[in-house]
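# sequence and computational prediction follow.
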Amino acid sequence: MSVDQKKAPKAQKATKAPNRPKAPKPAKPPTPAQPYRSGFAAIVGAPNSGKSTLLNRLLGQKVAIATAKPQTTRHRILGVLTDKFCQIVFCDTPGVHRSDKLLNAAMVARAQAALADADVGLWVVDARRRGPEHQAALEMVLGRGVKPLAAVLNKCDLAVREELDALAVEIREAVAPQALLEISAKTGQGLVELKKVLAALLPEAPPPYPEDALTDQTLRDLAAEFVREAVFELTREEVPYSTAVTIDEFLEPDDPEASDALYRISATIHVEKETQKKVMIGRKGEMLKNVGRRARLSLEDLLEARVFLSLFVRTTKDWSKSRRDLSDFGYAD
Ligand SMILES: Nc1nc2c(ncn2[C@@H]2O[C@H](COP(=O)(O)OP(=O)(O)OP(=O)(O)O)[C@@H](O)[C@H]2O)c(=O)[nH]1
Ligand SMILES: [Mg+2]
């Protein structure tokens, strides 16, 4: 599957871990009192609340890019967590916000659809922040119908007790979640408990994916996302939001396990205007070089091999306003 194509629907087989995930901790054998549970958990919430960081932390592997800037995630990203008693298929989603822009509307629609399709909602709230995005997320969660909901107050490593208590009261009153937990996706606090809570909210069912499945994204998808992450981290103002990345070539080594294994990847960074292209390339090509270096390092980490990464910048005029371009870049169905 490439970034241009539609993401795998629920029933399709997820790809295996790019790097083998760490073996799940040995669990006690199941007892009749503990039936197998499985299903889909949609991670929804305001932009920047920590949804993708949470997914990566739960899986112990980076499958979703996460940056300090809001609206980083644009797709629905599956991450599969399996143990002896449950399989939780997490769907990371774009942050919920209000916007008239076509790209943003498509992103929010993805989050909405993921919540509608899921067995359980997982609402991630930034424990320190409110505002219009919090309200937009609250409205989406309220519209979930009878679907069970776990709400988490994330970034509790940064929040003070009074804030956490007040927010907990507010959320209980507003949405009556089946569970409300304080967590930190960054430190891992509360995540063992969260997994237990989610598993208990899922139906009794066999696992929909093989036990070594990790994500529905291919290495090619991940490569495009890692380049976009570097752009998000290194550029400012409207530039990151005007950027899309496509992979032109992804050549895997014959033996990926060999000590000299080398991946050859070339990607195009699309911007919307000539002025953005100049910024993206930078003086004497400095910006592009830095983006390339950063993306290459994170790809080498992911692939556990050397990577030769070539980047090109192209102006695809006003791509975020064109339904066709959005669909070509995989941002709309
Ligand atoms: N201190 C702290 N920072 C966190 C925590 N969780 C996430 N962050 C940071 O918050 C920022 C946003 O995290 P993301 O995971 O990208 O947030 P997101 O909800 O996926 O954002 P969008 O994709 O834009 O909707 C990043 O800088 C993370 O490192 C946490 O528990 N504690
Ligand atoms: Mg995200």
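Yep, that arrived. Numbering: from 1, shown residues only. Ligands and ions are numbered 1, 2, ... in the order given.

# tally of neighbours for Asp254?
By other Cβ atoms under 10 Å, the residues close to Asp254 number 6. Where you see a C-beta, it was placed from the backbone N, CA and C, and this is true even at glycine.

# which SSE is Asn104 in?
helix 102-117 (DSSP states H and E).

# got a list of contacts for that helix?
10, 40, 42, 44, 71, 73-76, 91, 93-97, 99, 121, 140-141, 144, 147, 320-323, 326, 331-332 (Cβ atoms under 8 Å, 6 or more residues apart in numbering).

# narrow those residues to those in helices?
In helices, judged by DSSP state H, the following of those are found: Met140, Val141, Arg323, Leu326.

# the helices in the stretch 101-250 of the chain, which residues?
Secondary structure of the stretch 101-250 of the chain by DSSP state H, counting those that start in this stretch: the helices cover 102-117, 132-142, 161-175, 191-201, 219-234.

# ok so, going back, most neighbours among the ones in helices among the contacts of helix 102-117, please name it.
Val141 (23 neighbours).

# ok, and the closest non-adjacent residue to it?
Trp123 (5.0 Å; Cβ to Cβ, 6 or more residues apart in numbering).

# can you get me a residue count around that neighbour?
28.

# residue numbers of the chain in contact with ligand 1?
Residues of the chain lying near ligand 1 by Cβ under 6 Å from any ligand atom: 45, 47-53, 66-68, 70-73, 94-95, 154-155, 157-158, 184-186.

# any of those buried? List them.
45, 47-53, 66-67, 71-73, 94-95, 154-155, 184-186 (16 or more other Cβ atoms under 10 Å).

# what comes into contact with the longest helix that the chain contains?
For the chain, the helix with the greatest residue count under DSSP H is helix 286-303. With Cβ under 8 Å, 6+ apart as the contact definition, helix 286-303 has outside contacts at 18-19, 62, 219, 222-223, 226-227, 229-231, 233-235, 256, 263, 265, 269, 279-282, 306-307, 309-311, 313.

# how about stretch 250-270: buried residues?
For stretch 250-270, the buried set under the neighbour-count rule, 16+ other Cβ under 10 Å, comprises Phe250, Ala261, Tyr263, Ile265, Ala267, Thr268, Ile269, His270.

# quick one: which of those residues sit in strands?
Members of the buried residues of stretch 250-270 lying in strands (criterion: DSSP state E): Phe250, Tyr263, Ile265, Ala267, Thr268, Ile269, His270.

# what's the farthest-apart pair in the residues you listed?
Farthest-apart pair in these is Tyr263 and His270; separation 21.8 Å (Cβ to Cβ).

# and the closest residue to Glu272 other than its chain neighbours, what does it touch?
Spatially, and ignoring its direct neighbours in sequence, Glu272 is nearest to Ser242 (4.4 Å; Cβ to Cβ, 6+ apart). Contacts for Ser242 (Cβ under 8 Å, 6+ apart) come out as Val271, Glu272, Lys273, Gln276, Ser320.

# distance check, the residue of the stretch 51-200 of the chain found nearest ligand 1 against ligand 2.
Going by Cβ to the nearest ligand atom, ligand 1 is nearest to Gly95 of the stretch 51-200 of the chain, at 2.6 Å. Gly95 is 6 Å from ligand 2, where distance means Cβ to the ion, to the nearest Å.

# next one: that residue, what pLDDT does it get?
If you check Gly95, the pLDDT there is 98.

# how far out from the middle of the chain is stretch 261-279?
Remark: stretch 261-279 is offset 21 Å from the chain centroid, using Cα atoms, centre = their mean, to the nearest Å.

# same check, this time on stretch 281-288
Averaging C-alpha positions (Cα atoms, centre = their mean) puts stretch 281-288 28 Å from its chain's average.

# average pLDDT for it?
Averaging pLDDT along stretch 281-288 gives 98.

# just the CA trace of it, in PDB.
What follows is stretch 281-288, C-alpha atoms only, in PDB (Å, rounded to 0.1, in the frame of the first residue of the first chain):
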ATOM      1  CA  ILE A 281      15.100  24.500   0.400                       C
ATOM      2  CA  GLY A 282      16.600  27.300   2.500                       C
ATOM      3  CA  ARG A 283      19.700  29.400   2.000                       C
ATOM      4  CA  LYS A 284      22.300  27.300   0.100                       C
ATOM      5  CA  GLY A 285      20.000  24.300   0.600                       C
ATOM      6  CA  GLU A 286      20.500  24.300   4.400                       C
ATOM      7  CA  MET A 287      16.900  23.700   5.400                       C
ATOM      8  CA  LEU A 288      16.500  20.700   3.000                       C
END
